[in-house]
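> just a sequence and a predicted model for now, questions to come.
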Amino acid sequence: MKNTVVTLQKQKDEHDKITMVTAYDYTTAKIMDESGVNTILVGDSLGMVMLGYEDTLSVTMEDMIHHTAAVTRGAKNAFVVADMPFMSYQTSVYDAVVNAGHLMKEGRANAVKLEGGVEFAPHIKAIAQASIPVVAHLGLTPQSVNAFGGFKVQGKDIEAAQKLIEDAKAVEEAGACMVVLECVPAKLAKKITEMLKVPTIGIGAGADCDGQVLVYQDLLAMYGDFRPKFVKVFANVGDAMREGMAAYIKETKEGTFPSAEHCFKIDDSVIEKLY
Ligand SMILES: Nc1nc(=O)c2c([nH]1)NC[C@@H]1CN(c3ccc(C(=O)N[C@@H](CCC(=O)O)C(=O)O)cc3)CN21
Ligand SMILES: CC(C)C(=O)C(=O)O
Ligand SMILES: [Mg+2]
């Protein structure tokens, strides 16, 4: 059965952890969905892991729609959240609603996610009023990398911690159905999780969030040696791919692949006539 905002809220209320992973294409989304993950995020991290940019800033609405549509075709049960890319909502409340609409209408996303707190409460409110579920993203918001001066843990001093709490309250009040907390001290994320009615999803925000999210290339060791503190490798798919490729190349060079079982047959009489 398809997960919904209602089933995800129920998971928080019943202390059943919400699992979220990224996916950017049909094949991967289908594997993730079949694994039983509750929600899939089509993150703007696709700019980095799929397109090779050094940050998420160059990702376009076209990129997001294209990848979201592929993911939603593969996700039967998982609730699919699509990131709103840089400059698709910061420019105005109007742009926010129009672009959220594209992600739902053409991408078939179940919800959209945007980075920012109290400053973006009007945007969240307007999107939610259009019946588009909105997820808020607080803490290390990668679209602010140039303003932050790098990818750094947020909310460490008292002012920053209070601002994060105010942001969390404001986005919930505006109608956010979930809140992603990225690179936030675990004890602060716990406080925010207890304070909010809606679920929190942590990435580098400790075990007391209502759920967890990771970029799949990180948890499967496929994205080079990118290992921020919050990443745990659960399976080494990167090495499995390298080993598989090495075997394919070796057997092809040797001529042992393809063997008879991988070849199509023709009657010898036909071949004799050709000669
Ligand atoms: N592959 C991938 N995984 C991600 O988690 C991810 C992306 N890409 N792209 C978008 C953002 C960028 N993210 C990042 C990128 C770098 C750090 C990082 O280098 N963190 C360090 C420093 C923390 C500090 O001490 O301030 C760390 O060790 O965690 C964290 C989050 C998270 N997101
Ligand atoms: C890291 C997660 C939360 C994200 O926003 C992304 O993958 O783009
Ligand atoms: Mg993102």
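Great, that's in hand. Treat the numbers as computed from the prediction; the structure is a model and nothing was measured. Numbers count the residues shown, from 1 in each chain. Ligands and ions are numbered 1, 2, ... in the order given.

> ok, G175 touching A128?
Yes: shown here, G175 and A128 form a contact pair, counting by CB atoms under 8 Å, at 3.3 Å. Bear in mind the C-beta positions are built from the backbone N, C-alpha and C, glycine included.

> spell out which residues are contacts of both of the two.
Residues touching both G175 and A128 by CB atoms under 8 Å, 6 or more residues apart in numbering: V134.

> and the stretch 51-200 of the chain, which residues reach ligand 3?
D83 (CB under 5 Å from the ion).

> from I158, how far out is the residue of the stretch 51-200 of the chain found nearest ligand 3?
Going by CB to the ion, ligand 3 is nearest to D83 of the stretch 51-200 of the chain, at 4.3 Å. Separation of D83 from I158 (CB to CB, to the nearest Å): 30 Å.

> higher neighbour count, those two?
Comparing D83 with I158 by other CB atoms under 10 Å, the one with more neighbours is D83, at 30 against 8.

> what bridges to the more buried one?
K113 (DSSP bridges).

> any idea how far it lies from E54?
Distance from D83 to E54, by CB to CB: 17 Å.

> how about the helices of the stretch 51-200 of the chain, start to end?
Using DSSP state H, counting those that start in this stretch, the helices of the stretch 51-200 of the chain run over 61-74, 93-105, 121-129, 145-148, 158-174, 186-195.

> domain parsing for the protein?
5-236, 241-272 (automatic domain parsing).

> ranking those by burial, who's on top?
With neighbours defined by mean count of other CB atoms under 10 Å, none of these is more surrounded on average than domain 5-236, at a mean of 19.

> do you know the pLDDT at G155?
G155 is assigned a predicted lDDT (pLDDT) of 88.

> now swap in the one 5 residues further on and tell me
Looking at A160, its pLDDT is 96.

> dump the domains of the chain to CSV, plus distance to ligand 1.
As requested, the domains of the chain are exported to CSV (distance: least, CB to the nearest ligand atom, whole Å):
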stretch, distance to ligand 1
domain 5-236, 3
domain 241-272, 16
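
> and of these, who's closest to ligand 2?
Among the domains of the chain, domain 5-236 comes nearest to ligand 2, with 2.2 Å by CB to the nearest ligand atom.

> mind checking how far the closest one is from the chain centre?
6 Å (CA atoms, centre = their mean, to the nearest Å).

> can you tell me if it touches ligand 2.
Yes: Domain 5-236 is in contact with ligand 2 by CB under 6 Å from any ligand atom, via 22, 41, 43-45, 83, 137, 180, 182, 203, 213, 215.

> what average pLDDT does stretch 87-98 get?
pLDDT averaged over stretch 87-98 gives 98.

> endpoints of that stretch, how far apart?
Across stretch 87-98, the terminal residues are separated by 12 Å (CA to CA, to the nearest Å).

> residues contacting that stretch, please?
Here stretch 87-98 has contacts from 61, 64, 84, 99-100, 114, 116, 120, 122-123, 126-127, 130, 132, using CB under 8 Å, 6+ apart.

> may I ask which two of those residues are separated the most?
M64 and P122 (21.7 Å; CB to CB).
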